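A.B. asks: Generate a structure from the sequence data that follows.
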Amino acid sequence: MKGMVIKMEDKFFCPDYYSRFSCIASLCEVSCCRSGWEIPIDDETYLAYKSAGVSDIDENITTGSDGDRIFKLKPDGNCPYLEPDGLCRLYTITGGRLGEICAQYPRFFEEYDGFTEAGISISCPEAQRLILSAKRSDYALDTEQPQEELLAFLHSARKFALDIAFSPNQPDVIAARLIDYGIALQELIDTGELDFSDFAQLANAIIRTDDESNVSPTEEYIFACKAILEATDILYPEWKQLLNRGAGGEIAADTSMRDESERAYLGYLVYRFFLKAVNNENIAAVCEFIACAYYLAKMLPGEFARNTRLFSKEIEHDSDNLWSVMELFEERADSML
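C.D. replies: From the prediction side, this is the model:
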C-alpha cells in the first residue's frame with residue numbers, strides 16, 4: 001500500500017465528511033494492521049524508532065517489492081507490532097509516533113493541475129460508515145477551476161455526475177445512466193468540444209430519460225469479474241474466489257435495494273475516480289469502471305459492505321491493478337461509442 005503523503009496543514013479540497021473521520025483503533029472490526037499490505041517505513045520514522053529504543057525494529061523490517069523498507073508481516077498478515085488488545089506497540093513505545101502511511105490512512109490525496117483533493121478510503125470500516133451515509137451536499141466542493149483544458153472540462157462535468165449518482169432513480173438505473181453520461185462526454189472530447197458548458201442540461205436529460213438503457217447490469221458484472229481476474233495481481237484469496245464465482249455467472253442471493261447507501265457508494269466512486277480520466281483521456285472507460293465497481297459490490301456473493309472494502313483494497317490501493325484493469329475498460333468503452 002502506497003500513497004501520496006501530504007502535510008495536514010497543506011491546502012486541499014475534500015468532502016464534508018472528511019473532517020468527521022476519527023480512527024477508532026482497537027474498536028475497529030477490520031484493523032488495517034491486519035490487512036496483509038506492504039507498509040513502507042519512511043527514513044525519518046525508522047530513525048525515530050531506533051532512537052526511541054525499539055530494540056527489535058531491524059528484525060521486523062524487510063525489503064518490499066519496490067525496494068522500500070517495509071514491516072515484515074506475520075504469517076497471518078498481521079503487523080508484528082499489533083498487540084492482542086488491537087493497539088500498536090510502536091505507538092505506545094514512542095509516545096504516539098507513527099510512520100507517514102500509518103498516520104495518513106485511510107486518508108488519500110490526489111494532486112491535479114493547480115489543486116489537491118483529499119478523501120477517506122472505503123477500505124476502512126469507520127470511513128465506510130461515513131461514506132455510505134453521505135449525501136449530495138457532502139460533495140459541495142469548492143475546488144478552484146483548473147486551467148488545463150481537459151481537466152477543466154472533467155471538473156465541470158463531475159458536478160453533474162454527482163447529481164446523477166444521488167438522483168432519486170434506483171441505483172441500478174443510476175449506474176447505467178453514468179455509463180450513458182460517460183459516452184456522451186467522450187463524444188464531446190473526441191470531437192474537440194472541450195468548451196462545452198451545458199452539463200446541467202445534458203445530465204438532466206440523462207437522468208429524466210424514459211428510454212431503456214442498453215446497459216445490462218449482469219453483463220457488466222460478469223465482464224468486470226473476468227477483467228479483474230485477467231488483469232490484476234490478487235492479494236486476498238477470498239476476493240479471487242468471489243470473482244471466479246461471479247465470472248461463472250453466480251449472483252448474490254440477496255440483491256435487494258439499499259438505495260441510500262448504494263447511491264452514496266456511487267457518489268464516492270464518482271468523486272474518487274472521475275477526474276482520473278485526465279490521465280487516459282477516456283471518461284467513457286472511467287464511467288464504465290465506476291458502474292462496474294457498483295455492480296460488483298451489489299452482485300458478488302457476500303455482503304455489500306464487505307465487497308466494497310475488498311474492491312478498494314485490491315484496486316483502489318494498487319495503482320498497477322487499477323490501470324491494468326482500466327485498459328480493459330477502455331477497450332470495452334471504445335466498442336460502445
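A.B. asks: in the stretch 101-250 of the chain, which spans are strands?
C.D. replies: For the stretch 101-250 of the chain, strands defined by DSSP state E, counting those that start in this stretch occupy the ranges 107-112, 115-120.
A.B. asks: what separates the first one from the chain centre, distance-wise?
C.D. replies: The reference is to strand 107-112. 11 Å (CA atoms, centre = their mean, to the nearest Å).
A.B. asks: residues contacting Pro106?
C.D. replies: Phe21, Cys32, Ile120, Ser121, Ser123, Cys124, Ala127 (CB atoms under 8 Å, 6 or more residues apart in numbering). All C-beta spots, glycine's among them, are computed from the backbone N, C-alpha and C.
A.B. asks: which of the residues you listed lies closest to Ser133?
C.D. replies: The nearest member of the contacts of Pro106 to Ser133, counting by CB to CB, is Ala127 at 11.2 Å.
A.B. asks: how close does the closest one sit to Phe311?
C.D. replies: Counting by CB to CB, to the nearest Å, the gap from Ala127 to Phe311 is 14 Å.
A.B. asks: Equivalent analysis for Phe21, please.
C.D. replies: From Phe21 to Phe311 the distance is 20 Å (CB to CB).
A.B. asks: quick one on the thing from earlier: sort out for me which of the contacts of Pro106 are in helices.
C.D. replies: Ala127 (DSSP state H).
A.B. asks: Can you tell me, leaving aside adjacent residues, what's nearest to Tyr271?
C.D. replies: Tyr139 (5.9 Å; CB to CB, 6 or more residues apart in numbering).
A.B. asks: hey, where'd the helices end up in the stretch 151-300 of the chain?
C.D. replies: Listed in chain order, the helices of the stretch 151-300 of the chain (DSSP state H, counting those that start in this stretch) span 171-190, 199-208, 217-231, 237-247, 259-273, 277-280, 283-299.
A.B. asks: what packs against the first one?
C.D. replies: If I follow you right, that is helix 171-190. Where contact means 3 or more CB pairs under 8 Å, 6 or more residues apart in numbering; DSSP states H and E, helix 171-190 is packed against helix 149-165, helix 199-208, helix 217-231, helix 259-273, helix 283-299, helix 319-336.
A.B. asks: For the shortest one, output the C-alpha coordinates as CSV.
C.D. replies: Taking C-alpha atoms only, helix 199-208 is exported to CSV below (Å, rounded to 0.1, in the frame of the first residue of the first chain):
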residue,chain,number,x,y,z
PHE,A,199,-23.6,19.9,-18.5
ALA,A,200,-26.7,20.6,-16.5
GLN,A,201,-29.0,20.1,-19.5
LEU,A,202,-27.0,17.0,-20.6
ALA,A,203,-27.1,15.4,-17.2
ASN,A,204,-30.8,16.2,-16.6
ALA,A,205,-31.7,14.7,-20.0
ILE,A,206,-29.9,11.5,-19.0
ILE,A,207,-31.5,11.4,-15.5
ARG,A,208,-35.0,12.0,-16.8
